[in-house]
Each structure stands twice: as C-alpha cells, then as structure tokens.
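1. pasting the structure only:
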C-alpha cells in the first residue's frame, strides 16, 4: 500500500512537470507568434506609409521648384503623411521613411534620425546627416551599414525629386557623442552615422550627390 502511494505521488509529480513544461512551451510559442505578428503589422504599416509618400511625390509640381539653392532649409510642400523623405540603400535592403526635424518620430530610438545639424537634400553644398541604430533590435535600421563599400549607391526621395548619391569615403571614429565629419564642402553630401557592432567605434559613411531627377516612381 505504501509503495502504491509513493508511485501515485511520483506519477502526479511527473504529470505536473509535463503540464508545466507544456505551459512554458505554449507560452513561448505564443510570445514568438505575437512578436512576429506585431512586427509584421508594423512592416505593413511602414510599407503603406512609404507608398503613400511616393504617390504624393509624383503629384508635386516640380516646375515650380527652383534648382538647388544655398538658402533653402525646409521643404516647400507640406506632406500629408508624416514622412518628409524616403532613403533607399539597395545593397543592404534599406527603404525607410524619414520624419521631419522637430517631430516626435524623428528620433533614433524610433526611426532613422535626421540630425539637427543636417540640411535637407536640396541645399547646395549641404550635408544631409542621418543617424541610425545598428545591432539586432527592431529599430536597428543601420545594422548592415558596415557592409557598404566605396561607389555603392544611396537614394533619397524628397520634395518631388530623387537624389542619387555615391559613397566616396568610409571611416571610423571614437564614440564620444559627437561626430567629426570629413567631407568636401564644395559638394552636396549625404552622411550616415551608426555604431560599429561590438566596438566603441562609430562608422561614418560619406556620399556625394551625382544626380537629381524628377521622381516618377
């Protein structure tokens, strides 16, 4: 009788252990599925916003837009959506909407950030400076920037035009909170800033404008 009671207790413990393991497995699966669906919905929303932005760009009357000037700092048209520009880096699969300076979504913890010191792409000899996280998080939009090489191309759609840049220099700096940007100030440039993974360094990618054409999709 005593042996049977011990066997019953042992069997109940085994059943509880199995049930506990199943609960943990189901919870883990549920968490991963929930995370996947959340990211999937965010990606769908991002794609929708980008497509809506592109449609807006096609409707801008570029005949009323002057050539690149040294004075212009802000876009001439107010976007119906929150994005003021879209950056495309084909080599590393980046296509991301950018928010206007001074807005809540122009934040490196939420998006690729247009730094306050940056000028917009249509400023002659200006520098469009973008910062983004590297790593593995959802907002690590620059996680593959370290794969870029000299002569790789970057595109920015802004205010009815597509700006094509070509990378001319890539270098590392110490992570001190400020970035020493070395560029030709007689050129219109785009600069990417991000951290180099697993180091105390930051990567600076300098590209120069090679073409500006009206955006037609």
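-> That came through fine. Computed from a predicted structure; not experimentally measured.
2. helices and strands of the chain: which one has the lowest mean pLDDT?
-> helix 2-59 (a mean of 61; mean pLDDT, DSSP states H and E).
3. ok, and what's touching the helix or strand following it?
-> Later in the chain than helix 2-59, the nearest helix or strand by DSSP states H and E is strand 83-89. Taking contacts as Cβ atoms under 8 Å, 6 or more residues apart in numbering, the residues outside strand 83-89 that touch it are 49-50, 53-54, 75, 94-100, 112, 114, 120-121, 130, 145, 148, 152, 154-159. Every C-beta, even on glycine, is put in place using the N, C-alpha and C of the backbone.
4. what residues sit buried inside strand 83-89?
-> Within strand 83-89, the residues that qualify as buried by neighbour count (16 or more other Cβ atoms under 10 Å) are 83-89.
5. which phi and psi does residue 192 have?
-> Dihedral pair for residue 192: phi -110, psi 140, per degrees, to the nearest 10.
6. that older thread, now the buried residues of strand 83-89 in TSV, with pLDDT and distance to residue 185?
-> TSV is the format used below for those (pLDDT from 0 to 100; distance: Cβ to Cβ, whole Å):
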residue	pLDDT	distance to residue 185
83	94	28
84	96	24
85	97	22
86	97	26
87	98	22
88	98	25
89	98	24
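7. from residue 108, how far off is residue 156?
-> Counting by Cβ to Cβ, to the nearest Å, the gap from residue 156 to residue 108 is 18 Å.
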